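Engineer: 3D model of this:
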Amino acid sequence: MAQHLPLNPTAHRDLRVITTRGAAYGDAMMSALTFPAEFRSVQAHYPIVFQKLPDQGFQPIALFGLKDGENLFLQGTHWDAHYVPMAVERQPFLIGRGESGPAMHIDLDSPRVSRSAGEPLFNEHGGTTPFLERMNELLGQLHEGMSSVVPFVAALDRHGLLESFVLDVAQPDGGQARLAGFYTINEEKLAALDAEALHGLHQAGHLAAIYMAIASLSQFRALVERAQRTIRHDW
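Structural biologist: Residues are numbered from 1 along each chain as shown. Below you'll find the predicted structure:
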């Protein structure tokens, strides 16, 4: 069970964070949340789709696999992509509530937290290490980026641009595995928007992100090929 606490240089002065990738550290995940400003980096490696979450509406996610608990980019302790989404890289840190606003928290139950291995958070004098400063900066970017998701998704919904899709993947035994429950941007509806609607999306800063999300769908072919190589290896 997660144990989120505000990061404290006195109480946590000897904590370290293991940065090695691996299933043992929570990286065996099918997807991770992303946000419009990150789409340019994400689309170079992962399909960007949308998931409808209870009480939260649509959320853009980067897909790493085709089923729960599957990360096709994870090869032992190696993440086989040049870019790891911020929502993954920031672990075990998160933004929590502090007395004066958002504050950096740490999940003490994360397998990445250690007192003997990994990157130190504080130096011997109590100051923050370059690693912790980088994580704090990353959290700030993530916090700001996630705040842009609501207006972005609202614009997509307003113009009816989201549609559900189904992806069937051939299996070695002749059967098919199905990916369902996600949404993509409908290119035909986007192309049918009038100049005023397109201008509004551009002025709001949404249009570039929309095209990045659409471009990312070309990564489905590579993702399926990864899945099929894994299946053949298992067989």
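Engineer: would you mind identifying the next helix or strand past the helix or strand where residue 184 lies?
Structural biologist: Assigned by DSSP states H and E, residue 184 belongs to strand 176-185. Counting by DSSP H and E, the next helix or strand C-terminal to strand 176-185 is helix 187-191.
Engineer: off-centre distance for that next one?
Structural biologist: Distance of helix 187-191 from the chain centroid (CA atoms, centre = their mean, to the nearest Å) equals 26 Å.
Engineer: buried sites along the next helix or strand after it?
Structural biologist: Next helix or strand after helix 187-191 toward the C-terminus (DSSP H and E): helix 195-203. For helix 195-203, burial by neighbour count (16 or more other CB atoms under 10 Å) applies to 200-201. All C-beta atoms are positioned from the backbone trio N, CA, C, and that covers glycine.
Engineer: and what of stretch 179-197?
Structural biologist: Of all the residues in stretch 179-197, those buried under the rule 16+ other CB under 10 Å are 179, 182-186, 190.
Engineer: need the max-distance pair from these.
Structural biologist: 179 and 190 (22.3 Å; CB to CB).
Engineer: turn the buried residues of stretch 179-197 into a markdown table, including pLDDT.
Structural biologist: As requested, those are exported to a markdown table (pLDDT from 0 to 100):
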| residue | pLDDT |
| --- | --- |
| 179 | 90 |
| 182 | 96 |
| 183 | 97 |
| 184 | 97 |
| 185 | 97 |
| 186 | 96 |
| 190 | 97 |
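Engineer: Throw these into TSV and include distance to residue 137, thanks.
Structural biologist: Formatted as TSV, the buried residues of stretch 179-197 follow (distance: CB to CB, whole Å):
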residue	distance to residue 137
179	34
182	31
183	31
184	31
185	30
186	36
190	34
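Engineer: closest to residue 127 out of those residues?
Structural biologist: residue 182 (44.1 Å).
Engineer: check contacts around residue 143.
Structural biologist: 95, 102 (CB atoms under 8 Å, 6 or more residues apart in numbering).
Engineer: how close does it sit to residue 151?
Structural biologist: 15 Å (CB to CB, to the nearest Å).
Engineer: what of residue 170?
Structural biologist: Counting by CB to CB, the gap from residue 170 to residue 151 is 39 Å.
Engineer: many thanks, I have nothing further to ask.
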